[in-house]
Structure formats: C-alpha cells, structure tokens
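1. take this sequence and fold it.
(one chain, ligands or ions: 1)
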Amino acid sequence: MASETQHGYLVLADISGYTSYLAQVELEHANEILTDLLAVIVNQFKQALTISKLEGDAVFANINESGMPNGERLLELIESTYFHFRRRRDASQRQTTCTCRACQSIPSLDLKFFVHHGDYIVQDISGIRELVGSDVNLIHRLTKNHITEQTGWHAYTLFTDRTLEHINIRPEGLHAQTESYEHLGAISTQSMDIHPRIIASNEGHPEKEIARRAAGDVVGEMSLISGDTRIASVIALGDVRVLCIDRLNFESLLRERPEVSLAVMRELCKRLKERSN
Ligand SMILES: [Zn+2]
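-> A predicted model of the protein is given here:
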C-alpha cells in the first residue's frame with residue numbers, strides 16, 4: 001500500500017525527571033513505577049488517539065485531522081491524562097513502604113505534553129509502523145526547550161502556533177516562547193501550566209487550591225502559634241529553597257524581636273482576611 005501524506009495532530013507525552021530518575025536509583029523498582037505510569041498514559045491516549053510509539057520515557061501518538069474535529073476534546077484528553085497520571089503517581093507514593101531511592105523519588109516524576117499539527121506519512125516496514133516527516137522530527141525536538149527555565153513549570157502543555165490555529169481555542173494563561181533549532185529555525189510556541197488545572201482526588205476528598213505563595217512568603221506560622229495541626233499542605237510547583245524555623249527558635253525570636261512579632265501579626269491578619277473572602 002502506498003503511503004499517503006496525512007494531516008493531523010502529533011501528541012507526545014514526556015515524563016519529566018525520567019533520565020535523572022533512572023540514572024540514580026534502583027533500576028528494578030524504577031522500571032516498575034515507570035511502566036505503570038506509561039501504561040496510564042497509553043490507556044488515556046488510546047481513547048482518542050492512535051499510539052504510534054513508546055519511546056522510553058515518552059508516549060508518541062497521532063490522530064488524523066478528521067478524527068479530531070473538535071479541539072476541546074484534545075485539551076480534555078490531555079487534562080484527563082494528566083489527572084490520571086498524577087493520581088497514580090501520588091497513590092504509588094502513598095502505598096509504598098519501600099525506602100529505596102526509586103520509591104522515595106516518585107514525587108519527582110511529572111508529565112509534559114507537546115502538541116503539534118502537521119503532515120506525516122505512516123511508513124510500514126515489514127509490519128513495523130512508523131511515523132515519518134519533518135513535523136515528526138519537530139515535535140521531538142520541541143522536548144528540548146527552555147520552558148521550565150523560563151517559567152518554573154514542571155508540568156505543562158506546549159502547543160505550536162500552528163496547533164492553536166487549528167484547534168481554534170486559546171486557553172488562558174499561555175506563555176509565549178520562541179525556540180530555535182538547527183535546520184528547523186525559529187519555532188514559536190505557546191505553553192500552558194497544567195498543575196492548577198487538575199484537582200487531584202485524594203481518597204474521595206478533592207484537593208482544593210487555597211492560595212499561592214511566592215518567594216519571601218511565610219507558611220505554617222498559624223499552626224506554629226496555635227499548636228494545632230496544619231490546615232493545608234504546601235506543594236512546590238518548582239525548585240524551592242526554604243528556611244525552616246522550629247517552634248523553640250520561633251518563640252524566642254518573637255520574644256526577643258518585637259518587630260518580628262508585629263510582622264507575624266500583620267501576616268496573620270492578612271491571611272485571616274484572605275480566608276474570609
Ligand atoms: Zn523501592
């Protein structure tokens with residue numbers, strides 16, 4: 001059968017942190033965890049896409065334009081894939097009692113999506129199906145980019161401009177960035193943070209984002225003062241450097257430096273106001 005050029009979406013889901021993860025940890029457990037997570041991605045993708053290839057840390061899929069008439073469906077698929085990935089990842093972390101580095105580093109694994117609209121040929125060599133074309137090369141090249149560096153995001157969806165023209169939707173909060181690649185030139189991309197888009201279900205209690213904290217902010221001061229258990233967990237969206245102060249030091253700091261007490265009180269008032277809004 002002669003191969004015909006097809007137009008459609010190329011979608012790549014890439015597990016971030018994979019290379020460093022495999023390099024430094026116990027291979028057997030690492031492999032088990034990764035296989036499990038890749039299967040989650042495949043099972044989600046299969047619902048609307050054709051799986052083209054498993055690429056170690058990535059799942060590559062495609063769909064002919066006619067098979068995805070609605071861009072909304074594509075975004076939903078990515079979102080649900082991320083949701084299931086995170087749920088599985090967090091569940092394996094909770095369930096494991098193993099102290100090996102692989103099992104301990106499960107939270108470092110995250111997921112990035114790359115979506116490109118372009119042309120490709122489905123090549124069949126002795127029954128082995130493969131997608132070829134410069135757009136296929138492009139989407140793979142896009143995995144090497146500066147998004148995390150620029151934004152601090154570890155989980156995102158990157159769209160090429162051409163994709164957004166085709167899906168005809170503009171998600172909110174897009175980050176525009178031009179990447180350049182040898183032989184391909186400058187490629188303009190738009191990326192979207194997918195962390196805030198998921199609401200992880202935690203044993204039937206949906207997780208809810210209460211607030212966002214940034215550099216210089218204080219967390220945990222309420223429970224330190226009241227002695228009660230904390231009311232929320234802090235999830236880092238990127239690399240974070242923290243200064244920890246234990247209760248003893250915190251209390252002596254408050255006693256010795258009235259200006260610190262005042263600053264903490266101001267912060268508490270601000271937080272109370274925030275919560276009553
Ligand atoms: Zn282990």
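2. where are the low-confidence patches of the stretch 1-150 of the chain?
-> 1-2, 24-25 (pLDDT under 70).
3. gap between the longest helix anywhere in the chain and the chain center?
-> The longest helix of the chain (DSSP state H) is helix 71-95. The chain centre lies 9 Å from the centre of helix 71-95; the measure is Cα atoms, centre = their mean, to the nearest Å.
4. enumerate the residues of the stretch 1-150 of the chain near the ion.
-> Contact residues (Cβ under 5 Å from the ion) of the stretch 1-150 of the chain with the ion: 29, 98, 100, 102-103. In short, each C-beta sits where N, CA and C put it, glycine included.
5. and if we set it to 8 Å?
-> 26, 28-29, 96, 98-104 (Cβ under 8 Å from the ion).
6. what's the following helix or strand after the longest helix of the chain?
-> helix 101-104 (DSSP states H and E).
7. which of the residues in that next one are buried?
-> The neighbour-count check on helix 101-104 (16 or more other Cβ atoms under 10 Å) flags 102-103 as buried.
8. can you show me the helices along the stretch 151-277 of the chain?
-> For the stretch 151-277 of the chain, the helices defined by DSSP state H, counting those that start in this stretch occupy 161-167, 221-226, 247-256, 258-276.
9. check the stretch 1-150 of the chain too.
-> Under DSSP H, counting those that start in this stretch, the stretch 1-150 of the chain gives helices at 18-24, 27-45, 71-95, 101-104, 134-141, 147-151.
10. just how off-centre is the shortest one within its chain?
-> In this case it means helix 101-104. On the basis of Cα atoms, centre = their mean, helix 101-104 sits 19 Å off its chain's mean C-alpha point.
11. so what secondary structure elements neighbour it?
-> The contact analysis (3 or more Cβ pairs under 8 Å, 6 or more residues apart in numbering; DSSP states H and E) places helix 101-104 against helix 27-45.
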